[in-house]
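Trainee: sequence and predicted structure are below.
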Amino acid sequence: MNDLAPLLTPEGRALLDAVRGTAPADELAVATRLRREHPAELVSAALGQARLRQRAAAKFGAEDAERMFFTPNGVEQSTRARVAAHRAERMKALGVASVADLCCGIGGDAVALARAGIRVLAVDRDPLTAAVARANAEALGLAGLIEVREADVTEVDTDGYDAVFVDPARRGGRGRIFDPEAYSPPLSWAVGAALKAPHGALKVAPGIPHEVVPAAAEAEWISDGGDVKEAVLWFGTGPGAVRATLLPGPRTLLGTGLPDPEVRPVGRYLYEPDGAVIRAHLVAEVARDLDGGLVDETIAYVTADTLRPTPYATAYEITDRLPFNVKKLKALLRERGVGILTVKKRGSAVEPEELRRKVKPQGPNSATVFLTRVAGAPTMLVGHPA
């Protein structure tokens, strides 16, 4: 899809309605029928947009996705709506009334900000991407709050805006970019842009090394439904603060500067911290609240003797502890009649599917096995959700 304009015409919109929900197996028949009365390129564009809308439903919800417009990169790289809404609510709570959204993409964050009542200048240098962002603002009834500008973000004057939000491109011709200075624009430029406004927020990869986080920034790691989605560097909030936010909720765990937890023998319960907690290096805060310790100094599993509810970790009751030995595990699972086996690993080179093939679980019961290290030794911990 190189031109959005034909899809915005009455004929294009009618075609989008006609192909809504088309299953992949039916595309050829639908295309053949529609091409009798419409240009072939327009039919192809409508079907392509229908596919993108179906993919986007997981991020944006079916209701919005059916009205929005997308590009392949836009679907893949845009912020999940629930994460964007959380960030917009934080902006609103800070008293932000206007935001310069630089590298706005298809406008997912701009939409969330506008829905929070914030006026947005959305900027992207790619003509098609900017056109899609503009179409989305109009499709969702937010054009009065969102101004879309096709421009190089490094040349945009952000004076007068309460906040600057930057979402640098983190993919290149060879895939994902891990060096923040290789982002487009580089992290150093984005930090400078954020510091020009009273508040700023930079979306970065969740794997960003803690040592490259600027001293003036607050770092927030966000997970949604247990999956880590991104990290955000906030400016104008709490310099040096660290937090993990879990969605839905939100539930937020703030860092308190605790030292690493002590290693202790495996107790009755094993806790698997949420990925955002691990990325934020806040496992010590979880261990403190659980009165627990680590199974190994290099492994982010917390063990404790008591079961305590926590939103920041998933609890498992451990029934067996074995040195790493596939034959012994297979015998144990056969004895317990385990046919439904969940394999988790941390600190092990063994792949879960490989282990599952070797032990060949059979039976009506279920179990979870953790492939990990305990006090430095390769170990298998067997249990079930508590």
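Mentor: Sure thing, it's come through.
Trainee: could you point out the longest helix of this protein?
Mentor: helix 40-60 (DSSP state H).
Trainee: what is that helix packed up against?
Mentor: Under the contact criterion of 3 or more CB pairs under 8 Å, 6 or more residues apart in numbering; DSSP states H and E, helix 40-60 touches helix 10-19, helix 27-34, helix 62-65, helix 72-77. The C-beta positions use only the backbone N, C-alpha and C, and glycine is treated the same way.
Trainee: contact partners for P352?
Mentor: V343, K344, K345, L371 (CB atoms under 8 Å, 6 or more residues apart in numbering).
Trainee: any chance of a markdown table for these, columns secondary structure and pLDDT?
Mentor: Formatted as a markdown table, the contacts of P352 follow (DSSP: H, G, I helix; E, B strand; the rest coil; pLDDT from 0 to 100):
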| residue | secondary structure | pLDDT |
| --- | --- | --- |
| V343 | strand | 96 |
| K344 | strand | 96 |
| K345 | strand | 95 |
| L371 | strand | 96 |
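Trainee: filter those residues down to the buried ones.
Mentor: Applying 16 or more other CB atoms under 10 Å to the contacts of P352, the neighbour count classes V343, K344, L371 as buried.
Trainee: got the phi and psi for the closest residue to A130 other than its chain neighbours?
Mentor: Excluding its sequence neighbours, the residue lying closest to A130 (CB to CB, 6 or more residues apart in numbering) is E150, at 4.0 Å. Note on E150: backbone dihedrals following degrees, to the nearest 10 are phi -90, psi 110.
Trainee: what's the burial count for E150?
Mentor: 15 (other CB atoms under 10 Å).
Trainee: if we can go back for a sec, turn the contacts of P352 into TSV, including distance to E354.
Mentor: Listed next are the contacts of P352 as TSV, based on distance: CB to CB, whole Å:
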residue	distance to E354
V343	9
K344	14
K345	10
L371	10
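Trainee: ok, so of the residues you listed, who is nearest A31?
Mentor: Of all the contacts of P352, A31 sits closest to V343, with 43.0 Å by CB to CB.
Trainee: surely the closest one meets K358?
Mentor: No. Counting by CB atoms under 8 Å, K358 is not a contact partner of V343; they are 10.8 Å apart.
Trainee: what bridges to the nearest residue to T158 once chain neighbours are set aside?
Mentor: Nearest-residue entry for T158: A100, 4.2 Å, with adjacent residues in sequence omitted and distances by CB to CB, 6+ apart. For A100, the beta-bridge partners are L121, V164 (DSSP bridges).
Trainee: who's in contact with stretch 71-88?
Mentor: Counting contacts by CB under 8 Å, 6+ apart, the residues outside stretch 71-88 that touch it are 1, 52, 55-56, 59-61, 64, 105-106, 108-109, 111-113, 115-116, 118, 128-129, 132, 165, 167, 169-171, 201, 203, 222, 224, 229-230, 232, 245, 247-248, 250.
Trainee: which elements pack onto the helix or strand containing L113?
Mentor: Secondary structure assignment for L113, by DSSP states H and E: helix 108-115. Counting by 3+ CB pairs under 8 Å, 6+ apart, the packing neighbours recorded for helix 108-115 are helix 81-93, strand 98-102, strand 119-124, helix 127-139, strand 146-150.
Trainee: any idea how far that helix is from the chain center?
Mentor: Chain-centre distance of helix 108-115: 17 Å, with CA atoms, centre = their mean, to the nearest Å.
Trainee: now swap in stretch 341-353 and tell me
Mentor: The chain centre lies 22 Å from the centre of stretch 341-353; the measure is CA atoms, centre = their mean.
Trainee: returning to what we had before: wouldn't the residue nearest to A130 be in contact with P127 here?
Mentor: Yes. Contact criterion CB under 8 Å: E150 and P127 qualify, at 5.7 Å.
Trainee: which secondary element of this protein has the worst mean pLDDT?
Mentor: Counting by mean pLDDT, DSSP states H and E, the chain has its least confident helix or strand at strand 171-172, which shows a mean of 66.
Trainee: all helices of the stretch 251-386 of the chain, in order?
Mentor: 275-279, 283-290, 326-336, 352-359 (DSSP state H, counting those that start in this stretch).
Trainee: which of those helices sits most buried?
Mentor: helix 275-279 (a mean of 24; mean count of other CB atoms under 10 Å).
Trainee: run through who's touching that one.
Mentor: The contact list for helix 275-279 (CB under 8 Å, 6+ apart) reads 206-207, 221-223, 226-228, 231, 244-246, 253, 283, 285-286, 300, 312-313.
Trainee: tell me the buried residues within these.
Mentor: Taking 16+ other CB under 10 Å as the criterion, what is buried in the contacts of helix 275-279 is 206, 221-223, 228, 231, 244-246, 253, 283, 285-286, 300, 312-313.
Trainee: sorry, back to before: make TSV from the helices and strands packed on helix 40-60 and add mean neighbour count, distance to V263 and mean pLDDT to it.
Mentor: Shown next, in TSV, are these (neighbours: other CB atoms under 10 Å; distance: least, CB to CB, whole Å; pLDDT from 0 to 100):
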stretch	mean neighbour count	distance to V263	mean pLDDT
helix 10-19	16	58	93
helix 27-34	14	56	93
helix 62-65	15	47	95
helix 72-77	17	40	90
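Trainee: understood, closing this out.
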